[in-house]
Structures are given as structure tokens and as C-alpha cells.
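Peer 1: This is a predicted model, with the sequence first.
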Amino acid sequence: MAVNVEVQTFSHFINGKWEPAASSETFDVVNPATGELVAKAAKGSPEDVNRAVGAARAAFDQGDWKNMKPKDRAKVLYAISHQIAANAQELAYLEAISSGGTVRRIGASDILQMVDLFQTLAKFVVEYPYSETLPVPPFPGPAHNFIWREPIGVCAAVTPWNLPMVIATWKIAPALAMGNTIVIKPASYTPLSTLKLAELISAVVPPGVINVVTGPGAEVGEALVTHPMVDKVAFTGSTEVGRRIMELAAGTIKKTTLELGGKSPNILLEDADLEIALPGSLFGVFLHSGQLCESGTRLFVPDKLHDQVVEGLVALASKIKLGNPLDPATDVGPIISKKQKETILTYIEAGKQEGATLVCGGKEVTVPGCEGGNFIEPTIFTNVTNDMKIAQEEIFGPVLSVIRYSDVEEAIRMANDTIYGLAAGVWTRDANKAYGVARKLQAGVVWINDWHMLRSDAPFGGYKQSGIGREMGVHSLDAYTQVKHVHTSMTPELERRNWYGILFGQK
Ligand code: NDP
């Protein structure tokens with residue numbers, strides 16, 4: 001007998017309350033591991049965006065939130081971190097059933113990262129230089145000068161499906177830390193965890209400080225990033241949509257930060273410790289089935305080590321267990337959607353057509369118990385040249401391109417020969433060599449003998465077309481403030497204000 005379980009419908013979260021879409025329409029949220037419908041979410045429209053932005057604007061303009069003392073704001077940020085920790089299980093579940101991230105990764109990494117980010121920024125907001133006094137100027141006359149840092153206002157965040165919660169907090173935490181309000185549009189594949197996060201945060205902030213509107217990017221996203229009452233836009237996603245958002249935000253000159261795609265190079269030097277470099281390089285590319293913007297998708301291997309490295313990589317990759325993300329024994333979950341799976345398979349075909357050699361994986365697989373899911377084997381190509389499509393374009397799937405080199409300078413040149421510049425890595429036993437290579441790599445983060453090691457107190461963002469601005473760390477607080485210079489004259493006598501003579505001449 002078929003059991004008819006009613007799926008939950010998630011509304012928008014606006015002004016501290018659950019609010020259905022003005023149209024009453026919804027869209028389906030599907031588990032990428034099984035193909036099953038897991039929830040429905042409100043299909044937003046510009047009208048819903050208008051309500052959310054209105055609530056965020058009112059919460060900002062009212063003043064209590066933006067004028068809160070730093071030590072009180074730090075308490076709020078700590079309270080948010082406690083909310084996340086106390087509700088970790090539910091958040092991890094919602095994240096896993098919609099994004100396909102494993103509960104093992106979400107529990108061991110994502111939740112801790114989010115808690116740590118709010119706590120780190122709680123420390124930073126107390127020490128932040130909200131007001132700096134400049135020295136008395138030597139000319140044209142004595143004055144007191146200050147630099148004040150103030151919140152920007154209403155922030156809009158448009159977020160992707162790969163790490164929905166973590167990437168949302170990269171925007172929510174600094175926005176709230178500096179006294180802004182925020183409206184988030186999560187990716188349509190993965191709205192659930194962001195909605196839950198907003199509900200948890202709203203328990204400790206005034207209504208309207210955090211709002212979420214769900215629905216299609218082209219409608220809800222565009223209405224949000226063009227809204228005249230939005231002051232700042234923060235986006236993570238594809239470089240293509242990033243370009244569009246920049247164009248749209250230009251209409252009203254909104255402050256904009258973008259975290260976009262990558263094709264990150266990973267260079268093995270001849271003296272690398274292969275015992276850590278091989279699992280480390282696979283950790284760098286196959287975590288979350290390669291659906292991470294900073295994945296190390298191009299591995300540069302010296303001729304001398306090539307065959308040994310490839311043999312080792314294939315042996316290790318074949319041990320990675322694909323499965324249901326809710327099973328703690330699963331190493332890697334599904335691809336987010338059938339469409340994305342087809343895109344990845346098309347890239348694999350392109351690799352073969354261009355003459356690369358497929359040495360591992362390359363096919364979609366059916367996982368027992370997850371027959372409706374989208375799974376692709378960890379895939380490794382050798383004989384890749386840096387000009388091939390699979391070496392130049394962001395695949396966002398479990399595909400590693402191994403590229404040989406004979407000279408380190410040649411490897412660095414190829415590493416930098418991309419439109420992207422998000423992350424890079426180098427493996428060597430020699431720290432001096434590592435720093436020498438790191439200096440020459442054009443990337444926002446360089447890992448030496450490691451990968452994916454992001455920190456709440458370190459900036460993350462891209463060189464070149466991987467983005468604009470930085471998230472996390474003090475840099476993220478700067479990105480959510482604006483700077484005001486205040487001049488106070490100390491020259492009350494008109495006759496001593498000789499600079500007025502520039503206009504009035506000597507009279
Ligand atoms: P997108 O860049 O299309 O989507 C990211 C976010 O932008 C989603 O919330 C999306 O909404 C929204 N969006 C889409 N179009 C617009 C628009 N015109 N105006 C405003 N917002 C918009 O990524 P995809 O999900 O389509 O993935 C495509 C590719 O992007 C991947 O294959 C990968 O290469 C790359 N990517 C990179 C990520 C990164 O972290 N750098 C993360 C995710 C993807 P909606 O979901 O409703 O479409």
C-alpha cells in the first residue's frame with residue numbers, strides 16, 4: 001500500500017514571519033540523491049521582493065539595530081552561533097536532502113565553520129576601528145579630522161546550491177556584524193536550510209533584519225539586485241550570472257561583491273611527499289563531487305613522477321564510496337540535478353574527443369537505494385593539455401585533469417593561463433620553494449601541502465574573473481561598511497581662512 005506523506009511547504013521569511021508568495025504559487029524541492037520530492041517552496045515575484053526589501057529598509061532606518069553598541073552586537077553574534085549549534089541536526093538534514101552534501105561533511109565541517117564565523121566576527125566587531133582620528137593637517141589650517149565606518153544599509157545576497165548554508169553565512173555574518181539588514185535569495189535547488197537559518201537568527205535579532213525570498217533567479221534575483229532600496233549586492237555562483245548581476249547592479253551603482261567560478265591549479269613539485277599529496281589532491285578535487293568553486297581541478301605533475309602519481313591517484317579514487325548523503329558511511333553524494341549531470345557528462349565526452357586519456361571513472365552510476373539520483377564516478381583524465389576545454393572551463397563535477405610538465409616555470413605559466421584565479425596549491429617538502437611558487441600564482445588563496453583550508457579570520461575571494469572583493473575575516477567587515485571622512489574646522493577667524501581666497505581673491 002502506497003503511503004501518502006504530505007510534503008512540507010516552506011514560505012518566504014519576511015519581517016520575522018513566514019509569508020506565502022503573493023501569487024500563492026510554489027515550486028518543488030527535490031532530493032538529488034533519490035529524485036524524490038522533499039518539500040515545496042514559495043515561488044517569489046518582484047512583489048514579494050518588494051515586501052522583503054521594505055521590511056529590511058524599515059528595520060535599518062528605524063535605527064536601533066544599526067546603532068547597537070559593538071559589545072551588544074557581539075552578544076547577538078554569539079547568540080546566533082549558539083542557535084546554529086543547538087539546531088545542527090535539523091540544519092544538516094535540510095542541507096543534505098536538498099544539496100546532496102554528506103551529513104558527514106556538513107556535521108564535521110559546515111556547521112563548525114558557521115559557528116566559528118559568527119564567533120570570530122563577534123570578536124572582531126569589538127575591536128573594529130569604527131572611528132579613527134587623523135593627525136592635525138599641516139595646511140591649510142588646523143582641523144580635527146575623523147574617519148568613521150558605518151553600515152551600508154540594506155544588503156541583497158544571491159547564493160548558490162553547492163554549499164547553501166555556509167555561503168549564506170559568509171554574507172549574513174558580516175552584514176549583521178556591521179549593523180546592516182539583509183534579504184537573501186537562495187538557489188532554487190536548495191532553499192530549505194537558508195530559510196531555517198533565517199528563522200533561527202530572527203529569534204535573536206529584530207524583525208526585518210534578516211529576510212529570505214525564494215524563487216527563480218531571473219525573476220526574484222533580478223528584482224532584488226535592481227531594487228532601488230537595496231544598497232549592496234553580494235553574489236556567489238557562476239561567472240556568467242556574476243557578469244549579469246554586475247551589469248544589473250550598475251543601474252543604481254550598488255556596492256557589489258562577487259565570488260565566482262574557478263579552475264584551480266594544483267602543482268606537484270618533484271620533492272612532494274606523495275603519501276599526503278595524492279590523497280590531498282583527490283580531497284581537493286572530489287570533495288562534494290567536485291561541486292566546490294575552489295576545487296583543484298588541474299593537477300600539474302612533473303614528467304619524472306607522472307606514471308607513479310597517476311597509478312596512485314587511480315587506486316585511491318576507485319575507493320571513494322558514492323552513496324546516500326544521509327548515510328554516514330558515504331564519502332561522496334550526488335550531483336545536484338539531472339541537468340548538471342548532463343553538463344558534466346558532456347564535458348567528459350569533450351575530453352575524450354579532444355584526445356585526453358580517460359584513466360578512471362567517466363560514467364554515471366546507479367547507487368543501490370538511490371536509483372533516482374544523479375551520480376557520476378570520480379573521473380581522471382591524463383594527457384590533458386592546458387588549452388583543452390576540460391582544462392579551461394569550470395565543469396563543477398568530479399573531473400580531474402592531469403597535465404604533465406618538465407619545468408616548474410612552465411607549470412606556473414600554465415597554472416596562471418586561465419580566466420580564473422580563485423585558489424591554487426603546491427606540494428613540496430621545501431618551504432622556500434613553496435613560497436616562491438605561491439608568490440607567482442595568481443589566486444586569492446594558495447594552499448601549501450593541503451586543500452580547502454578556509455578560515456573565518458582569513459579573506460576568501462578571487463583574482464581575475466573569479467570575483468571582486470573578499471569574504472570572511474576583517475576584509476568582509478570592510479565590505480559591509482562605508483567610509484565617511486568628517487572634517488571639523490579649528491579656525492574660527494575669517495581672516496585666518498586664507499584658503500577662501502582661492503574663490504574670492506585678495507580683496
Ligand atoms: P548560477 O550562477 O546560475 O546560480 C547562482 C544563484 O544565482 C542562484 O541563486 C540563482 O537562482 C541565481 N540567479 C540565476 N540567474 C540570475 C539572474 N539573472 N539574476 C539574479 N540571480 C540569478 O549557478 P547554477 O546554479 O546555474 O550553476 C551553474 C554553474 O555555475 C555551475 O555549473 C558552476 O560552474 C557554477 N557555480 C559556481 C559556484 C561557485 O561557488 N562559484 C556555485 C554554484 C554554481 P536559481 O537557483 O533560481 O537559478
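Peer 2: Received the coordinates, thanks.
Peer 1: Contacts only, for the most centrally placed residue in the chain.
Peer 2: With distances taken as Cα atoms, centre = their mean, the residue of the chain nearest its centroid is Ile167 (4.2 Å). Shown in contact with Ile167 (Cβ atoms under 8 Å, 6 or more residues apart in numbering): Thr159, Pro160, Thr236, Glu259. In short, each C-beta sits where N, CA and C put it, glycine included.
Peer 1: do Ala424 as well
Peer 2: Here Ala424 is in contact with 264-267, 296, 415, 438, 441-443, 445-447 (Cβ under 8 Å, 6+ apart).
Peer 1: Starting from Asp450, give me the distance back to it.
Peer 2: Counting by Cβ to Cβ, to the nearest Å, the separation of Ala424 from Asp450 is 12 Å.
Peer 1: for whatever residue of the stretch 301-450 of the chain ends up closest to the ligand, phi and psi?
Peer 2: Closest to the ligand within the stretch 301-450 of the chain is Phe396: 3.6 Å, counting by Cβ to the nearest ligand atom. When quoted as degrees, to the nearest 10, the phi and psi of Phe396 stand at phi 60, psi 50.
Peer 1: One more: Gly35?
Peer 2: Main-chain dihedrals, Gly35, degrees, to the nearest 10: phi 80, psi 0.
Peer 1: That one: neighbouring residues, count only.
Peer 2: Neighbour count of Gly35, defined by other Cβ atoms under 10 Å: 14.
Peer 1: Leaving out chain neighbours, which residue sits closest to it?
Peer 2: Gly372 (2.7 Å; Cβ to Cβ, 6 or more residues apart in numbering).
Peer 1: I'd like to know how far the one you found sits from His12.
Peer 2: Counting by Cβ to Cβ, the gap from Gly372 to His12 is 28 Å.
Peer 1: More neighbours: these two, which one.
Peer 2: Taking other Cβ under 10 Å, Gly372 and His12 do not tie; His12 has more neighbours (30 against 15).
Peer 1: Now do the contacts for the more buried one.
Peer 2: In this structure, His12 makes contact with Trp18, Glu19, Pro20, Ala21, Ala42, Gly44, Asp48, Ala52, Asn211, Val212, Val213, Thr214, judged by Cβ under 8 Å, 6+ apart.
Peer 1: Emit the PyMOL select command for whichever of those are buried.
Peer 2: Buried residues within the contacts of His12, by 16 or more other Cβ atoms under 10 Å, are selected in PyMOL with:
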select buried, resi 19+21+42+44+48+52+211+212+213+214
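Peer 1: follow-up on the earlier one: show me which of the contacts of Ile167 is closest to Ile468.
Peer 2: Closest approach to Ile468 among those (Cβ to Cβ): Glu259, at 8.6 Å.
Peer 1: got the buried residues for stretch 107-127?
Peer 2: 107, 109-111, 113-122, 124-125.
Peer 1: Report the distance from that stretch to the chain centre.
Peer 2: Relative to its chain's centre, stretch 107-127 lies at 15 Å (Cα atoms, centre = their mean, to the nearest Å).
Peer 1: contact partners of it?
Peer 2: With contacts defined as Cβ under 8 Å, 6+ apart, stretch 107-127 is touched by 70-71, 73-75, 77-78, 80-81, 84-85, 88, 91-92, 95, 101, 163, 165-166, 169-170, 173-174, 177-178, 454, 456-457, 472, 474, 476-477.
Peer 1: Which among those residues count as buried?
Peer 2: Listed as buried from those are 70, 73-74, 77-78, 80-81, 84, 88, 91-92, 95, 101, 163, 165-166, 169-170, 173-174, 177-178, 454, 456, 472, 474, 476-477; burial here means 16+ other Cβ under 10 Å.
Peer 1: quick one: which of those sit in helices?
Peer 2: 70, 73-74, 77-78, 80-81, 84, 88, 91-92, 95, 165-166, 169-170, 173-174, 177, 474, 476-477 (DSSP state H).
Peer 1: just to revisit the earlier point, count the neighbours of the residue of the stretch 301-450 of the chain closest to the ligand for me.
Peer 2: Neighbours of Phe396 (other Cβ under 10 Å): 24.
Peer 1: Burial check on Ala502, number of neighbours?
Peer 2: One thing to correct before we go on: residue 502 is Ile, not Ala. Counted with other Cβ under 10 Å, the neighbours of Ile502 add up to 8.
Peer 1: For it, which three-state class applies?
Peer 2: Assigned with DSSP: H, G, I helix; E, B strand; the rest coil, Ile502 falls in the helix class.
Peer 1: quick one: pLDDT of it?
Peer 2: Ile502 carries a pLDDT value of 94.
Peer 1: Kindly report the same for Val3.
Peer 2: Val3 is given a pLDDT of 46.
Peer 1: Likewise for Arg413?
Peer 2: Looking at Arg413, its pLDDT stands at 98.
Peer 1: Convert the C-alpha atoms of the helix or strand containing it to CSV, please.
Peer 2: In the assignment (DSSP states H and E), Arg413 maps to helix 408-416. C-alpha atoms of helix 408-416 as CSV (Å, rounded to 0.1, in the frame of the first residue of the first chain):
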residue,chain,number,x,y,z
VAL,A,408,58.3,24.4,-12.8
GLU,A,409,58.2,27.8,-14.6
GLU,A,410,56.2,26.1,-17.4
ALA,A,411,53.8,24.7,-14.8
ILE,A,412,53.3,28.1,-13.2
ARG,A,413,52.7,29.7,-16.6
MET,A,414,50.1,27.1,-17.4
ALA,A,415,48.6,27.4,-13.9
ASN,A,416,48.0,31.1,-14.5
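Peer 1: Would you mark the buried spots in it?
Peer 2: For helix 408-416, the neighbour count (16+ other Cβ under 10 Å) marks Val408, Ala411, Ile412, Met414, Ala415, Asn416 as buried.
Peer 1: from the ones in helices among the buried ones among the contacts of stretch 107-127, which are also near the ligand?
Peer 2: Among these, not one lies near the ligand by Cβ under 6 Å from any ligand atom.
Peer 1: could you list every residue that touches Pro46?
Peer 2: By Cβ under 8 Å, 6+ apart, Pro46 lies in contact with Glu219, Val220, Ala223.
Peer 1: oh, I was asking about Tyr130
Peer 2: Counting by Cβ under 8 Å, 6+ apart, Tyr130 touches Pro70, Trp148, Arg149.
Peer 1: Skipping adjacent residues, who's closest to Pro174 in space?
Peer 2: What sits nearest to Pro174 in space, not counting adjacent residues and going by Cβ to Cβ, 6+ apart, is Ser476, at 3.9 Å.
Peer 1: distance of that neighbour from Val183?
Peer 2: Ser476 is 18 Å from Val183, by Cβ to Cβ.
Peer 1: Which helix or strand contains Ala434?
Peer 2: helix 431-440.
Peer 1: let me fix that: Val285
Peer 2: Here Val285 is assigned to helix 274-286, by DSSP H and E.
Peer 1: ok, back up a step: looking at the contacts of Ala424, spot the one nearest Lys196.
Peer 2: Val445 (29.1 Å).
Peer 1: Thanks a lot, catch you later.
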